[in-house]
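Q: Let me see the structure of the following:
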Amino acid sequence: MRDDELAHAVRLREAGDREEARKLLVELARRHPGDAEVAYQTGWVHDALGLEAEAAPHYERALAGRELGADDRLGAYTKLGSTLRVLGRYDEALETLAKGLAEFPGDAGLRTFTAMALYNAGRSEEAVSTLLKVVAESDKAGSYRRAIEYYADHLDEKV
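A: So this is what the prediction gives:
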């Protein structure tokens, strides 16, 4: 029953019926308070509705254990870090994203959200450096890869 209800709620969210999905997921979360997958999906639907403050505790519950699969765990770290940043909780966002990177080293999404949180925390040089490194490692840098990698750590260098 739980699996069917969860799958139905996810389908509703994916189809754009987020408010109905939220109602179902909130009820599922009430009935299954220790269920990491339910918590993750409940956080996600709140996020999709722009209810970041309500999403954060669900993501935190989802990450409290090790029950989530790797993809959902990565998603929970990314979504929680992003949510905390949007809420202005930059230090918590950076801490969450760092924990995510400890589990998923080098993940471009986590690193990009880290750069945004660094910027918001007033650490612009680190933010730009982080983004440049993500770009340099992507397939978008082309023949500029070496230059981008160099300047990621030498932004203030002048000739």
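Q: mind listing what's buried in the helix or strand of the chain with the lowest mean pLDDT?
A: Lowest by mean pLDDT, DSSP states H and E among the helices and strands of the chain is helix 145-152, with a mean of 91. The neighbour-count check on helix 145-152 (16 or more other Cβ atoms under 10 Å) flags 148, 149, 151, 152 as buried. The C-beta positions use only the backbone N, C-alpha and C, and glycine is treated the same way.
Q: Equivalent analysis for stretch 71-84, please.
A: By 16+ other Cβ under 10 Å, the buried positions in stretch 71-84 come out as 72-84.
Q: how far does the helix or strand where residue 20 lies sit from the chain's center?
A: Assessed by DSSP states H and E, residue 20 sits inside helix 18-31. Here helix 18-31 is found 21 Å from its chain centre; the criterion is Cα atoms, centre = their mean, to the nearest Å.
Q: centre of the chain versus the helix or strand just after that helix, how much separation?
A: The C-terminal neighbour of helix 18-31 among helices and strands, as given by DSSP H and E, is helix 36-48. Averaged C-alpha coordinates place helix 36-48 at 12 Å from its chain's average position (Cα atoms, centre = their mean).
Q: How about stretch 125-141?
A: Averaging C-alpha positions (Cα atoms, centre = their mean) puts stretch 125-141 18 Å from its chain's average.
Q: which non-adjacent residue is nearest the residue minimising distance to the centre of the chain?
A: Geometric centre of the chain, nearest residue: residue 78, 1.4 Å, by Cα atoms, centre = their mean. Excluding the flanking residues, the one nearest residue 78 by Cβ to Cβ, 6 or more residues apart in numbering is residue 109, at 5.2 Å.
Q: Now the helix holding residue 20: buried residues?
A: Buried residues in helix 18-31, defined by neighbour count with 16+ other Cβ under 10 Å: 18, 21, 22, 24, 25, 26, 28, 29.
Q: Kindly report the same for stretch 101-117.
A: Buried residues in stretch 101-117, counted by 16+ other Cβ under 10 Å: 101, 104, 107, 109, 110, 111, 112, 113, 114, 115, 116, 117.
Q: which other helices and strands contact the lengthiest helix in the chain?
A: Secondary structure of the chain per DSSP state H: the longest helix is helix 70-86. Here helix 70-86 touches helix 36-48, helix 52-64, helix 90-103, helix 108-120, going by 3 or more Cβ pairs under 8 Å, 6 or more residues apart in numbering; DSSP states H and E.
Q: Let me know which of the ones you listed is the nearest to residue 14.
A: Nearest of the helices and strands packed on helix 70-86 to residue 14, taken as Cβ to Cβ: helix 36-48 at 9.7 Å.
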